[in-house]
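Novice: Predicted coordinates and the sequence they were generated for:
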Amino acid sequence: MLVPHHGSKYGWHNDLLTYTKYFVVSYGLGNTYFHPSSEVIKNILFDQSYFPMRLFEVNQQPDSRLIIKVEQNY
């Protein structure tokens, strides 16, 4: 699931934790809105169902990338 509005605390609700195991948050480093919210990140990382690699952060860092492969089986 793409975390709403770059991880803003105003676009987040903890009920979202029940819909998926994986979260992607995209944001620009040094943004003036301080996205993603540390509160949102803590909610994702400290949820009781947390496991490694649950949160993918995508920003302009060279090692920040996400490849999504879509397959169709007919």
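Specialist: Nice, I can see it.
Novice: what residues are up against Phe56?
Specialist: 22-25, 66 (C-beta atoms under 8 Å, 6 or more residues apart in numbering). For glycine as for every other residue, the C-beta is placed from the backbone atoms N, C-alpha and C.
Novice: can you rerun that using 7 Å?
Specialist: When contacts are counted by C-beta atoms under 7 Å, 6 or more residues apart in numbering, Phe56 is found next to 24, 66.
Novice: how distant is the worst-scoring helix or strand of the chain on mean pLDDT from the center of its chain?
Specialist: For the chain, the helix or strand with the lowest mean confidence is strand 55-58, at a mean of 90 (criterion: mean pLDDT, DSSP states H and E). Put simply, strand 55-58 sits 5 Å off its chain's centre (C-alpha atoms, centre = their mean, to the nearest Å).
Novice: Listing partners with orientation, what would you give for that strand?
Specialist: On the basis of DSSP bridges, the sheet neighbours of strand 55-58 come out as strand 23-26 (parallel).
Novice: what about Trp12, neighbour count?
Specialist: 20 (other C-beta atoms under 10 Å).
Novice: Offset the numbering so it begins at 57, please.
Specialist: New numbering, starting at 57: the last item is Trp68.
Novice: Report the separation between Tyr130 and Ile124.
Specialist: 20 Å (C-beta to C-beta, to the nearest Å).
Novice: between those two, which one's more packed in?
Specialist: A direct count of neighbours by other C-beta under 10 Å for Tyr130 and Ile124 places Ile124 higher, at 5 against 2.
Novice: Got phi/psi on the more buried one?
Specialist: The phi and psi torsions at Ile124 (degrees, to the nearest 10) take the values phi -110, psi 120.
Novice: Which residues are in contact with it?
Specialist: Taking C-beta under 7 Å, 6+ apart, we find Ile124 in contact with no residue.
Novice: what comes up buried for stretch 73-83?
Specialist: Buried residues in stretch 73-83, counted by 16 or more other C-beta atoms under 10 Å: 73, 79, 81-83.
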